[in-house]
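Colleague: Kindly generate the corresponding structure for this input.
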Amino acid sequence: MMGREILHKMKVKAGLASSSDTTGKGKTKMSGKKIRHGYHLEKGQSSHPMEDYLVAHFKRVDDAELGLFAIFDGHMGHDVPDYLRSHLFDNILQQPNFWSDTKSAIVKAYEITDSKILEKTKELGRGGSTAVTAILIDGLKLVVANIGDSRAVICKNGIAKQLSIDHEPNVERDNIEKKGGFVSNIPGDVPRVDGQLAVARAFGDRSLKVHLSSEPYVTEEIIDDDTELLILASDGLWKVMSNQEVVDTIKGIKDPQSAAKHLTEAARNKKSKDDISCIVVKFE
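Modeller: Reported below is the predicted structural model:
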């Protein structure tokens with residue numbers, strides 16, 4: 001029993017979080033910057049098991065130090081986001097052009113990973129997952145990619161800036177209809193692909209894949225002296241709080257783990273019923 005407790009503490013310290021690891025933190029120094037991160041997950045009010053998973057840790061690759069951060073928000077099961085937690089970053093880093101053309105490497109790795117998930121439908125089920133990934137390279141460059149509505153927001157000089165794109169069915173209606181699908185608000189009042197899924201892009205979802213994209217939006221951001229925070233979270237946070245509200249809520253909290261926990265509690269107080277997962281990275 002004691003050995004399992006020690007192993008669990010080691011995993012939490014490393015930031016290798018699953019649905020059973022609810023909180024953790026880590027720190028490093030890159031290019032003269034002190035970088036700390038913390039994360040917190042809280043299950044929503046649904047009867048099914050927690051479907052949010054995350055990654056938050058630092059890793060040395062070749063001569064570079066990387067910060068690897070991700071939120072995976074599953075639907076119709078937790079096996080797909082769990083698979084992403086274990087495999088997506090490895091697939092990205094294994095691309096031969098990762099260093100020379102990081103954006104293209106990420107797009108290719110997302111495609112490969114989605115194909116693997118679809119091949120493993122019997123094992124992983126017919127569900128799917130959103131994803132937002134952030135790779136911090138030597139503390140100087142940040143590369144963010146996403147599909148779905150898990151979101152990345154950076155804060156510079158107190159101002160929030162969204163780095164990801166929420167892939168909403170209404171916005172991508174033309175592409176969905178060109179593929180033979182449709183967008184409907186029935187049942188309920190939320191636009192859904194084929195009346196089923198409330199995001200236009202996701203991993204998995206075999207039954208919808210012919211109408212559903214898994215191509216990520218990718219962007220790069222320079223980490224300069226004005227950069228204060230990076231926040232990644234599932235839509236359980238963003239449904240009830242704006243980007244600037246999230247930044248303002250934690251600007252006085254020094255410890256990133258405490259900040260992440262505070263955000264999940266703030267979202268819950270604002271009546272968010274969804275699973276909530278949040279990572280806060282502080283640059284000093």
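
Colleague: can we go C-alpha only for contacts and neighbour counts from here?
Modeller: OK.

Colleague: how close does the residue nearest the centre of the chain sit to Ser100?
Modeller: Nearest to the geometric centre of the chain sits Ile71, at 2.3 Å (C-alpha atoms, centre = their mean). Here the criterion is C-alpha to C-alpha, to the nearest Å. By it, Ile71 lies 25 Å from Ser100.

Colleague: In the stretch 151-284 of the chain, where is pLDDT below threshold?
Modeller: The stretch 151-284 of the chain contains no residues with pLDDT under 70.

Colleague: Secondary structure element holding the residue nearest to the centre of the chain?
Modeller: strand 64-75 (DSSP states H and E).

Colleague: Determine the set of other helices and strands touching that strand.
Modeller: strand 52-61, helix 79-93, strand 128-129, strand 131-137, strand 227-233, strand 276-283 (3 or more C-alpha pairs under 8 Å, 6 or more residues apart in numbering; DSSP states H and E).

Colleague: any chance of those in JSON lines, plus mean neighbour count and distance to Leu118?
Modeller: Output for the helices and strands packed on strand 64-75, formatted as JSON lines (neighbours: other C-alpha atoms under 10 Å; distance: least, C-alpha to C-alpha, whole Å):
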{"stretch": "strand 52-61", "mean neighbour count": "22", "distance to Leu118": "19"}
{"stretch": "helix 79-93", "mean neighbour count": "21", "distance to Leu118": "10"}
{"stretch": "strand 128-129", "mean neighbour count": "30", "distance to Leu118": "10"}
{"stretch": "strand 131-137", "mean neighbour count": "25", "distance to Leu118": "16"}
{"stretch": "strand 227-233", "mean neighbour count": "24", "distance to Leu118": "25"}
{"stretch": "strand 276-283", "mean neighbour count": "27", "distance to Leu118": "25"}
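
Colleague: Redo those as a markdown table? Include distance to Gln244.
Modeller: Output for the helices and strands packed on strand 64-75, formatted as a markdown table (distance: least, C-alpha to C-alpha, whole Å):
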| stretch | distance to Gln244 |
| --- | --- |
| strand 52-61 | 23 |
| helix 79-93 | 28 |
| strand 128-129 | 26 |
| strand 131-137 | 19 |
| strand 227-233 | 11 |
| strand 276-283 | 14 |
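
Colleague: Out of those, which is closest to Ala160?
Modeller: strand 227-233 (9.0 Å; C-alpha to C-alpha).

Colleague: Which helix or strand lies directly C-terminal to that closest one?
Modeller: Counting by DSSP H and E, what follows strand 227-233 is helix 235-238.

Colleague: what comes into contact with that next one?
Modeller: 149-151, 263-264, 267, 272-278 (C-alpha atoms under 8 Å, 6 or more residues apart in numbering).

Colleague: from those residues, which is closest to Leu54?
Modeller: When those are compared against Leu54 (criterion: C-alpha to C-alpha), the nearest one is Ser277, at 7.5 Å.
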